[in-house]
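Peer 1: Output the structure for:
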Amino acid sequence: MKIKMEKVKQFNGYLNVYKEKGMTSHDVVFKARKILKTKKIGHTGTLDPDAQGVLVLCVGQATKMVEYITDHEKIYEAEVILGIETDTDDLSGTVINENQQRINRDAFERILTEFIGDIRQRPPIYSAIRVNGKKLYHYARNGETVEIPERDVHIAGISLLEFCADSQKAKIMVTCSKGTYIRSLCRDIGSALGTLGCMGNLIRHRVGSFGIIDALTLNEIEEIINQDQSEALFYPLAYSLDRYQCVRATEQGRKFLLNGNKLFQWNIQESLNDFYPGEILRLYDGDQLIGMGRYHMNEEGNYIKPTKLL
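Peer 2: Numbering: from 1, shown residues only. I've put the predicted structure just below:
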């Protein structure tokens, strides 16, 4: 007698997960793999265990698009705690210094303008950034000293939501580029005010087009999967990629695109004059997203080279 094998549904697309407090980003991926019965899942930027909010998961073919979703602007709501320095730059760490200086609301709000635009930032020692091939938190846990290189990040905007002079705590809303550490920002705000600072609560409200209002907890996702309504969960592969211009292959150029060959003016519909050197582009066969590419200008001529095919 033949045993009927149950066909496992293949999922492709983005999941907008509401990461709850107490879970690592790895925990979220691990549980999502069990819920969806697939190993092919990646996330688009970690959230600390004590943080909550939007964590976008790329499932199936969408794992090839992780770097393009990660590149999106992010919005955070953060609590700044003045007068305290910790070894992790947030309340999960050990207090290593305190300052009794009192800061008023006006001074706090004025200092925020200094952090808008392109700034240099030193990441926390407790972070996953690699220095000399080793993650920074390994140095911290082993008690080793290491020079932490500063990095360029962009703060598009900061607004003050709340300020309490008695508790010396504030809430801010931050719109920033990828690679920005909000813990470092809170620390540096305190330093700029002539005192100390660290981060309290953190909520990620947005990653590109993925907003917190539409984010679902893992329990909600599991319930929807069990009800066989998965089509309501997944965002299509082209979602949130509007920042990248679109290129469509001509009928003659279709096979070149599908094979990952270079695309010249004769085998695409758009004009190469509309792109700048190094620009990342969306590549389409008709209405179907095929992958991503990059525009080149060199001695070989002007062309688009596919860099990631789905």
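Peer 1: Surely Leu263 is in contact with Gln252?
Peer 2: No: using C-beta atoms under 8 Å, Leu263 is not in contact with Gln252; the gap is 10.9 Å. (Glycine included, C-beta is placed from N, CA and C.)
Peer 1: Between the two, which is the more surrounded one?
Peer 2: Each of Leu263 and Gln252 has its neighbours counted (other C-beta atoms under 10 Å); Leu263 has more, 24 against 9.
Peer 1: Tell me the bridge partners for the more buried one.
Peer 2: Listed beta-bridge partners, Leu263: Ile304 (assigned using DSSP bridges).
Peer 1: Now do the contacts for it.
Peer 2: By C-beta atoms under 8 Å, 6 or more residues apart in numbering, Leu263 lies in contact with Val247, Ala249, Gly253, Phe256, Leu257, Leu283, Gly293, Tyr303, Ile304, Lys305, Pro306.
Peer 1: Now do the third one against Lys40, distance only.
Peer 2: When C-beta to C-beta, to the nearest Å is applied, the distance between Gly253 and Lys40 equals 30 Å.
Peer 1: got it, and the fifth one?
Peer 2: Noted for Leu257: a distance of 24 Å to Lys40, by C-beta to C-beta.
Peer 1: Looking at those two, which has the bigger crowd around it?
Peer 2: Leu257 (25 against 16).
Peer 1: Next, the more buried one: phi, psi?
Peer 2: Backbone torsions of Leu257, given as degrees, to the nearest 10, read phi -60, psi -50.
Peer 1: For the nearest residue to it once chain neighbours are set aside, which residues count as its bridge partners?
Peer 2: The spatially closest residue to Leu257, leaving aside those adjacent along the chain, is Ala249, at 4.2 Å (C-beta to C-beta, 6 or more residues apart in numbering). Beta-bridge pairing for Ala249 (DSSP bridges): Ile268.
Peer 1: residue contacts, Ala249?
Peer 2: So Ala249 contacts Phe256, Leu257, Leu263, Asn267, Ile268, Gln269, Leu283, Tyr284, Asp285 (C-beta under 8 Å, 6+ apart).
Peer 1: just checking, the first one touches Asn267?
Peer 2: Looking back up the chat, that one is Phe256. Yes: the criterion here is C-beta under 8 Å, and Phe256 meets it with Asn267 at 5.4 Å.
Peer 1: what about the strands in the stretch 201-310 of the chain?
Peer 2: 210-211, 245-248, 280-285, 288-298, 301-309 (DSSP state E, counting those that start in this stretch).
Peer 1: May I have the third one as PDB, with CA atoms only?
Peer 2: The one in question is strand 280-285. Extracted in PDB, the C-alpha atoms of strand 280-285 (Å, rounded to 0.1, in the frame of the first residue of the first chain):
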ATOM      1  CA  ILE A 280      20.800  49.500  -8.200                       C
ATOM      2  CA  LEU A 281      17.800  48.600 -10.300                       C
ATOM      3  CA  ARG A 282      14.800  46.300 -10.300                       C
ATOM      4  CA  LEU A 283      14.800  43.900 -13.300                       C
ATOM      5  CA  TYR A 284      11.500  42.700 -14.800                       C
ATOM      6  CA  ASP A 285      10.300  40.200 -17.400                       C
END
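Peer 1: Which neighbours in the sheet does that strand have, and how are they oriented?
Peer 2: Strand 280-285 has the following sheet partners, assigned by DSSP bridges: strand 245-248 (parallel), strand 288-298 (antiparallel).
Peer 1: That one - what's its average pLDDT?
Peer 2: Strand 280-285 shows a mean pLDDT of 96.
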